[in-house]
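Engineer: Below are the sequence and a predicted model for it; my questions follow.
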Amino acid sequence: MYALDEHTVLRHYERRDVPEYEVNVMRYARAHGYPVPEVKEVSGPDMVLERVDGPTMQEALESDRTQLDRNIRLLAALHERLHEIAAPPGLASVGEGDALLHLDLHPKNVLLSTNGPYVIDWANARRGHWADDVAQTIVVFWSALADPAFADREAIVHHVVETFLASFDRDAVRAHLPAAIARRVADANVGDAERAVTRRGRI
Ligand SMILES: Nc1ncnc2c1ncn2[C@@H]1O[C@H](COP(=O)(O)OP(=O)(O)OP(=O)(O)O)[C@@H](O)[C@H]1O
Ligand SMILES: [Mg+2]
C-alpha cells in the first residue's frame, strides 16, 4: 500500500491485475451500508482507495491493552453486520450458505478512524455460512501461539478467542473450524510453526 495524497492510497498487485470480484465486493458491501473505503479507480494492477485516517485495530489494542475486550467485541459486531448482507451474485462459494464473508476479518484488517471502523483487504471474500468467517478469524488468533517472543501468549490468545466467541453460537463455529483450519494450512504464506499450532487448535 502506498499513500498517494492526503485523501487516497494505492493498493498495487505485483504479479496480476486487481481481481474484479475484489472491487465488486468492496463496492457492493459499501453500497449495503458496510464500512469499506471507497474504491476510486481501478487500472490493471492498481486500485486507488479512499484513505482512512487511524491505526489498525491491532495497533490500537497493542498500544492500550485496557481496550482489548472492547475492540474484540467491535470485531465480533463487524462480523455480525457483514453476515446480514447476502453475497452478491457470482461470488465464489466456500460451502453452504449465502452470506457475504470476508474470510480475513481480524484486527490487522480493521482501521479505526474517528468516523468509526473500516474493513480493508477484501481479496479473500467469498459466499458461505457466517460461521466460516468467524472460524477463520479464530484460526488467525491462534497463529499468535507460534510466536515465541509473545509473552503470555497462551493466556492472552485464549482470552481473545473466548471474548470473541461470546457473541456467537459455539457449536456452529466448531462445526466450521476444520474447513477454516484446512484453508489456513493450505496457504503458502503460512510457516511450519504456525501450521502446527493451527492443527492443534480447539474450541
Ligand atoms: N484505505 C486505506 N486507508 C489508509 N490506510 C490503508 C488503507 N488500506 C490499507 N491501508 C494500510 O495498508 C496496510 C495493508 O493493507 P491491506 O491489509 O489492505 O493489505 P495486505 O494485503 O494485508 O498487505 P500487507 O501484506 O502489506 O499487510 C494496512 O494495515 C493499512 O495500514
Ligand atoms: Mg491485510
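Structural biologist: Arrived safely, thanks for sending. Ligands and ions are numbered 1, 2, ... in the order given.

Engineer: Could you break the protein into its assigned domains?
Structural biologist: The record's domain parsing of the chain by automatic domain parsing lists 2-50, 57-200.

Engineer: quick one: average pLDDT of the last one?
Structural biologist: Put plainly, it is domain 57-200. On average, the pLDDT along domain 57-200 is 97.

Engineer: just how off-centre is stretch 105-118 within its chain?
Structural biologist: 10 Å (CA atoms, centre = their mean, to the nearest Å).

Engineer: what's the residue most central in space within the chain in contact with, if anything?
Structural biologist: Centroid-nearest residue in the chain, with CA atoms, centre = their mean: L105, separated by 1.4 Å. For L105, the contacting residues are 75, 78-79, 82, 119, 133, 136-137, by CB atoms under 8 Å, 6 or more residues apart in numbering. (Glycine included, C-beta is placed from N, CA and C.)

Engineer: Pull out the buried members of those.
Structural biologist: Among those, those classed as buried by neighbour count (16 or more other CB atoms under 10 Å) are 75, 78-79, 82, 119, 133, 136-137.

Engineer: between the residues you listed, which is nearest ligand 1?
Structural biologist: V119 (9.6 Å; CB to the nearest ligand atom).

Engineer: quick one, what contacts the closest one?
Structural biologist: Taking CB under 8 Å, 6+ apart as the criterion, V119 is in contact with 29, 34-36, 78, 82, 102, 105, 109-110.

Engineer: Repeat the analysis, applying 7 Å as the threshold.
Structural biologist: 35-36, 78, 102, 105, 109-110 (CB atoms under 7 Å, 6 or more residues apart in numbering).

Engineer: Quick check: of those residues, which has the highest neighbour count?
Structural biologist: Neighbour counts for these, by other CB atoms under 10 Å, peak at H102, which reaches 26 neighbours.

Engineer: Phi first, then psi, for it.
Structural biologist: Dihedral pair for H102: phi -90, psi -40, per degrees, to the nearest 10.

Engineer: What's the separation between it and I156?
Structural biologist: 23 Å (CB to CB, to the nearest Å).

Engineer: in what helix or strand does R11 lie?
Structural biologist: strand 8-12 (DSSP states H and E).

Engineer: what are the pairing partners of that strand, and which direction each?
Structural biologist: Paired with strand 8-12 in the same sheet, following DSSP bridges, are strand 2-3 (antiparallel), strand 46-50 (antiparallel).
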